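> predicted coordinates and the sequence they were generated for:
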Amino acid sequence: MTRHKIKPQALLSTMWIFILFNMIFRDLHQLGKKGFLEEIMTGVVNDVEITDELMLIGGVLAEIPVIMVLLSRILTNKVNKWANIIASVITMLVLVSGLPYADMDDIFFMIIEVVAFISIIIIAWKLPSVVKTQTKPLS
């Protein structure tokens, strides 16, 4: 089997897709929890009233990983580095803020996602800030 080196930008984008799949499947998995659908229908989940403003904030926060799939591929290395680090830290903090309400499956998905966020930070940190150009020797 041949191992091909993956460009860091493609790897970062793929890591964000991996995180998104975990977030989506965790949310879908939550629907199977006894009483969860009834709780959603009341408009109060984990003693928090679900308002239009809260839904907007949640939408903005959910958009961070979505936009990072694209931005990881198109930004310059210098901007890419900081965008990935900042987006990872913000999204990870939002994720970990759910710990007081987390059950075993939430913690399982959270561990996987935190490892992925740390991986993104490490990969992004290693991105070169300046692109090296080859110079032609004088003859």
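Cool, got the structure.
> wait, Leu37 sits on Val45?
No. Checked against CB atoms under 8 Å, the pair Leu37 and Val45 is beyond contact range at 10.6 Å. Quick note: C-beta positions are derived from backbone N, CA and C, even for glycine.
> name the residue in these two with the higher neighbour count.
Taking neighbours as other CB atoms under 10 Å, Leu37 and Val45 compare with Val45 leading, 14 against 11.
> got a list of what that one touches?
Contact criterion CB atoms under 8 Å, 6 or more residues apart in numbering gives Glu39 as the residues in contact with Val45.
> swap in 10 Å and give it another go.
Gln30, Phe36, Glu39, Leu54, Tyr101 (CB atoms under 10 Å, 6 or more residues apart in numbering).
> dump these to CSV, plus neighbour count and secondary structure.
Conversion of the contacts of Val45 to CSV gives the following (neighbours: other CB atoms under 10 Å; DSSP: H, G, I helix; E, B strand; the rest coil):
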residue, neighbour count, secondary structure
Gln30, 16, helix
Phe36, 12, helix
Glu39, 14, helix
Leu54, 12, helix
Tyr101, 11, helix
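> pLDDT value on the residue nearest the centre of the chain, please?
A centroid search over the chain (CA atoms, centre = their mean) returns Pro65, at 4.4 Å, as the residue closest to the centre. In the prediction, the pLDDT value recorded for Pro65 is 96.
> surely it is in contact with Leu20?
Yes. Using CB atoms under 10 Å, Pro65 and Leu20 qualify as a contacting pair, with a distance of 5.1 Å.
> ok, back up a step: any common contacting residues for Leu37 and Val45?
Going by CB under 10 Å, 6+ apart, residues that sit against Leu37 and also against Val45 are Gln30.
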